[in-house]
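In: Fold the following for me, if possible:
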Amino acid sequence: MTNPEANPDTHVCVDGGLPGPGAEREGGSLVEIITSRPVPLGGPRAMNVRRTLPQRQRSLIGAWCFIDHYGPDDVSATGGMDVAPHPHTGLQTLSWLFEGTIAHIDSGGHSAHVLPGEMNLMTAGAGICHSETSTSDTDRLHGVQLWIALPEEVRHRPERAFETFVPEPVEFDGGSALVFLGSLLGSRSPVSTYTPLVGAEIRLDPGTVLELAVDPGFEHGLLVDTGAAITLEGVHVPKDAVGYTGVGDHGLRIANDGDASARLVFLGGAPFGEEVVMWWNFLGRTTEEIRRYRQEWQSHGERFGRVEGYVGHGGPGKNREGMARIPAPELPRVRMRPRKNPPPHARSQD
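Out: Numbering: from 1, shown residues only. So this is what the prediction gives:
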């Protein structure tokens with residue numbers, strides 16, 4: 001998925017920084033609450049997504065650098081998803097659906113339908129472009145789009161990879177999980193990653209408490225999709241927000257104190273130690289790199305290739321706004337300033 005903002009923020013993510021607001025503590029480990037902000041995905045009838053990463057408060061959880069959460073969206077009212085071809089560099093995009101179907105086409109020659117419960121992972125490396133369109137038989141669209149920052153040793157690779165994986169459910173007392181990346185609850189995903197990561201959908205029955213064993217070298221985030229009374233380490237995590245815990249935990253306590261089932265997305269990873277400049281759909285290391293990526297996309301350069309066969313909601317080769325590809329926004333007129341990611345520890349409000 002693209003970042004559709006006309007004036008996207010710049011993020012330079014490095015270790016360090018100062019404590020800030022947004023954390024609470026009620027027994028257990030410290031938990032920092034990261035709230036979402038709405039971002040319209042498209043034109044006047046846009047489908048809105050709720051973005052928790054990146055934020056000024058925190059830009060990375062492990063190598064996870066982007067979390068967009070959307071739906072349940074009534075496609076008849078909003079028109080659904082229609083993202084014309086757009087570029088990426090230096091990252092992987094991971095699509096995870098709860099409802100609906102999305103048609104994916106990329107310049108690596110891959111075409112697939114993204115389905116609920118099936119992980120789709122696209123690797124940009126040096127450059128790729130792709131389109132994403134909800135299918136005509138989709139009435140409701142609901143899911144998350146996640147980005148993963150690639151480390152220096154692989155981010156320039158020319159391969160444009162695309163992988164799918166359908167995890168088997170892991171049952172536990174009071175719920176189940178689908179582990180799509182890494183290892184959790186005795187289940188291990190076969191999909192390889194370039195930095196240590198974990199990603200899973202967790203479902204919790206009402207009144208369930210899950211004592212979850214985790215890697216103490218990871219920082220973690222818990223996104224609440226459904227569930228009005230979810231707590232992480234005794235701290236309430238509101239719907240559409242992420243509860244963040246830093247490194248050092250061997251176990252985390254997740255509880256559903258409500259009277260309805262809950263669905264959560266659990267993410268984690270080893271702190272990403274490299275400096276990352278993020279602007280629009282590009283991840284690089286310097287302002288000069290980002291400027292070059294933008295120029296190459298605008299000039300139809302070979303770095304990104306071509307999407308063949310895109311059919312948008314406006315007809316063959318165009319979206320509902322009549323665009324065949326998404327142009328890059330204007331770059332900021334000043335040099336992109338560093339924005340430091342805080343240390344991998346939840347921060348107190350005090």
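In: Which helix or strand lies directly C-terminal to the helix or strand containing Val49?
Out: For Val49, the enclosing helix or strand under DSSP states H and E is strand 47-53. Of the helices and strands lying after strand 47-53 in sequence (DSSP H and E), the nearest is strand 64-74.
In: buried residues in the helix or strand following that next one?
Out: Once strand 64-74 ends, the next helix or strand along the chain (criterion: DSSP H and E) is helix 75-78. Applying a neighbour-count criterion of 16 or more other Cβ atoms under 10 Å, one finds 75, 78 buried in helix 75-78. C-betas here are computed from N, CA, C, even on glycine.
In: re the thing from before, and the average pLDDT for the strand holding Val49 is what?
Out: For strand 47-53, mean pLDDT is 92.
In: Which other helices and strands does it contact?
Out: Based on contacts counted as 3 or more Cβ pairs under 8 Å, 6 or more residues apart in numbering; DSSP states H and E, the elements that strand 47-53 packs against are strand 37-41, strand 64-74, strand 219-226.
In: got the angle for that strand vs strand 219-226?
Out: Taking axes from the mean of the first three to the mean of the last three Cα atoms, to 10 degrees, one finds that strand 47-53 is oriented at 150 degrees with respect to strand 219-226.
In: Can you give the strand pairings for strand 47-53, parallel or anti for each?
Out: With DSSP bridges as the criterion, the sheet partners recorded for strand 47-53 are strand 37-41 (antiparallel), strand 64-74 (antiparallel).
In: Which of these has the highest mean neighbour count?
Out: Stretch with highest mean neighbour count among these: strand 64-74 (a mean of 22; mean count of other Cβ atoms under 10 Å).
In: neighbours around Phe213, how many?
Out: Just to correct that, residue 213 is Ala rather than Phe. By the other Cβ atoms under 10 Å criterion, the neighbourhood of Ala213 contains 12 residues.
In: mind showing which ranges of the chain have poor pLDDT?
Out: Scanning the chain with the threshold set as pLDDT under 70 gives 1-27, 42-46, 337-339, 349-350.
In: May I have the strands that pair with the helix or strand containing Val179, each with its orientation?
Out: Here Val179 is covered by strand 175-181, with elements defined by DSSP H and E. Taking DSSP bridges as the criterion, strand 175-181 forms sheet pairs with strand 170-172 (antiparallel), strand 197-204 (antiparallel).
In: need the contact list for the closest residue to Leu150 other than its chain neighbours.
Out: Setting aside the residues directly before and after it, Leu150 is nearest to Gly90 in space (Cβ to Cβ, 6 or more residues apart in numbering), at 5.3 Å. Contacts for Gly90 were tallied using Cβ atoms under 8 Å, 6 or more residues apart in numbering; they are 124-125, 149-150, 155, 276, 282-284.
In: Kindly report the same for Thr135.
Out: Contacts for Thr135 were tallied using Cβ under 8 Å, 6+ apart; they are 100-103, 113.
In: Let's have the residues you listed in CSV, adding secondary structure.
Out: Output for these, formatted as CSV (DSSP: H, G, I helix; E, B strand; the rest coil):
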residue, secondary structure
Gly100, coil
Thr101, coil
Ile102, strand
Ala103, strand
His113, strand
